[in-house]
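Engineer: this is a predicted model, with the sequence first.
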Amino acid sequence: MSRADVRGEPVEESEATAPGTVPGPGPGAVRSPSPLWSFGLLRSELLITFRRWRTLALLAVLAAVPILVGIAVKIETSDGSSLGGGGGGEGPAFISQISNNGLFLVFTALAATLPFFLPMAIGVVAGDAIAGESSAGTLRYLLVAPAGRSRLLLTKYATVIAFCLAATLVVAVSALAVGALLFPVGDLITISGTRITYAEGLGRALLIALVVAASLVGVAALGLFVSTLTGSGIAAMATTVGLLITVQILDQIPQLDALQPYFFSHYWLSFADLMREPVYWDDLVKNLGLQALYAAVFGSAAWARFTTRDITA
């Protein structure tokens, strides 16, 4: 087997044609997979990822968080008392409003899962993307197929992004169902004190879920980069989750306030501004821009590392 085949790189005619044989299309011709083959690779990665017991367990835990929060609020307010003290009450954002309108459970569940549960799940999937294949001994064989390292890495990242969206929607849908079952629903009051219809509230809930999913693309790129540094899936997952925890701890230290706006988690809870009237876009734009920057930097680092490393497993 040639070195180009093992690395999964395009094979040029000058390398693949032996002396004395009839050349093919000509010098510089490149054998590349068809778009349908690329779509099949992505479909295969999605099926493999979402069929793993670990992935299903992570989604089940995420779905359970809104159920536990909803039951806790229902028990706490069963005597007719209110929970917390308005916007300044303890607990995640919007929690004091759940008993008045079940739709607020969606916002509360996303606020509760975003600091730890959601990024941890993303870190596990992203950290395992490349390192898991290497530790299982399947990475080399994936690269023998006409995928190419860049195409395979892009497919892995697209799969992690799909999981970001799926995980966020699982939390939102679970919270929406539990909120409708346990609490009244209807028109709701925004943070600014204005009233909007339930249909508009659903639209904002969907937009918030999409913003939360987009807030995780930086974590996904970071995890993918870590995954290219080691051949152990467990080590990559543990390192990614450890980095997530470390960054969030640093984000709470007042002495580091000059650096905190550059931490990927700093503007995560800015999605609450979508519940203002009018919407405050400043922190939302900063958050999305910061995630794009992290995705570009760590995505490029992952590509540089993966396309130059020696694959032995």
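Structural biologist: Noted; the coordinates are in hand.

Engineer: okay, CA-based contacts and neighbour counts for the rest of this
Structural biologist: Fine.

Engineer: contacting residues around the nearest residue to D257 once chain neighbours are set aside?
Structural biologist: Counting by CA to CA, 6 or more residues apart in numbering, D251 is the residue found nearest to D257 once chain neighbours are left out, at 7.7 Å. Contacts here follow CA atoms under 8 Å, 6 or more residues apart in numbering; on that basis D251 touches 257, 260, 263, 265-266.

Engineer: between which two of these is the distance greatest?
Structural biologist: Distances among the contacts of D251 were taken as CA to CA; the most separated pair is D257 and S265, at 13.2 Å.

Engineer: neighbour count: those two, which is higher?
Structural biologist: S265 (23 against 12; other CA atoms under 10 Å).

Engineer: state the distance from the more buried one to P119.
Structural biologist: S265 is 10 Å from P119, where distance means CA to CA, to the nearest Å.

Engineer: and the helices in the stretch 151-300 of the chain?
Structural biologist: All helices of the stretch 151-300 of the chain, identified by DSSP state H, counting those that start in this stretch, fall at 198-214, 217-229, 233-250, 282-306.

Engineer: can you list contacts of the longest one?
Structural biologist: Outside helix 282-306, the residues that touch it by CA under 8 Å, 6+ apart are 149-150, 153, 214-222, 224-226, 228-229, 262, 264, 266-268, 270-271, 273.

Engineer: which parts of the stretch 1-150 of the chain are helices?
Structural biologist: Chain-ordered helices for the stretch 1-150 of the chain, with DSSP H, counting those that start in this stretch as the definition, fall at 3-7, 13-16, 35-51, 53-76, 104-113, 117-136, 139-144, 149-182.

Engineer: same list (those) but as JSON lines, adding mean neighbour count, distance to W281 and mean pLDDT.
Structural biologist: Formatted as JSON lines, the entries for these read as follows, by neighbours: other CA atoms under 10 Å; distance: least, CA to CA, whole Å; pLDDT from 0 to 100:
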{"stretch": "helix 3-7", "mean neighbour count": "17", "distance to W281": "45", "mean pLDDT": "39"}
{"stretch": "helix 13-16", "mean neighbour count": "14", "distance to W281": "53", "mean pLDDT": "36"}
{"stretch": "helix 35-51", "mean neighbour count": "14", "distance to W281": "33", "mean pLDDT": "80"}
{"stretch": "helix 53-76", "mean neighbour count": "17", "distance to W281": "27", "mean pLDDT": "93"}
{"stretch": "helix 104-113", "mean neighbour count": "25", "distance to W281": "17", "mean pLDDT": "93"}
{"stretch": "helix 117-136", "mean neighbour count": "25", "distance to W281": "23", "mean pLDDT": "89"}
{"stretch": "helix 139-144", "mean neighbour count": "19", "distance to W281": "43", "mean pLDDT": "73"}
{"stretch": "helix 149-182", "mean neighbour count": "21", "distance to W281": "21", "mean pLDDT": "93"}
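
Engineer: want to throw the ones you listed into JSON lines with distance to V297?
Structural biologist: Written out in JSON lines, the entries for the helices of the stretch 1-150 of the chain read as follows (distance: least, CA to CA, whole Å):
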{"stretch": "helix 3-7", "distance to V297": "24"}
{"stretch": "helix 13-16", "distance to V297": "33"}
{"stretch": "helix 35-51", "distance to V297": "23"}
{"stretch": "helix 53-76", "distance to V297": "26"}
{"stretch": "helix 104-113", "distance to V297": "26"}
{"stretch": "helix 117-136", "distance to V297": "16"}
{"stretch": "helix 139-144", "distance to V297": "24"}
{"stretch": "helix 149-182", "distance to V297": "14"}
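
Engineer: nearest to I208, out of these?
Structural biologist: Where the helices of the stretch 1-150 of the chain are weighed against each other on CA to CA, the nearest is helix 104-113, at 7.9 Å.

Engineer: and the closest one with helix 53-76, angle?
Structural biologist: If you take axes from the mean of the first three to the mean of the last three CA atoms, to 10 degrees, helix 104-113 sits at 120 degrees to helix 53-76.

Engineer: just want the angle from helix 104-113 to helix 198-214.
Structural biologist: On the basis of the same axes, to 10 degrees, helix 104-113 is oriented at 10 degrees to helix 198-214.

Engineer: need the contact partners of helix 104-113.
Structural biologist: Residues lying outside helix 104-113 but in contact with it, judged by CA under 8 Å, 6+ apart, are 62, 65-66, 69-70, 92-95, 97-98, 168, 171-173, 175-176, 178-179, 205, 208-209, 212, 269, 272.
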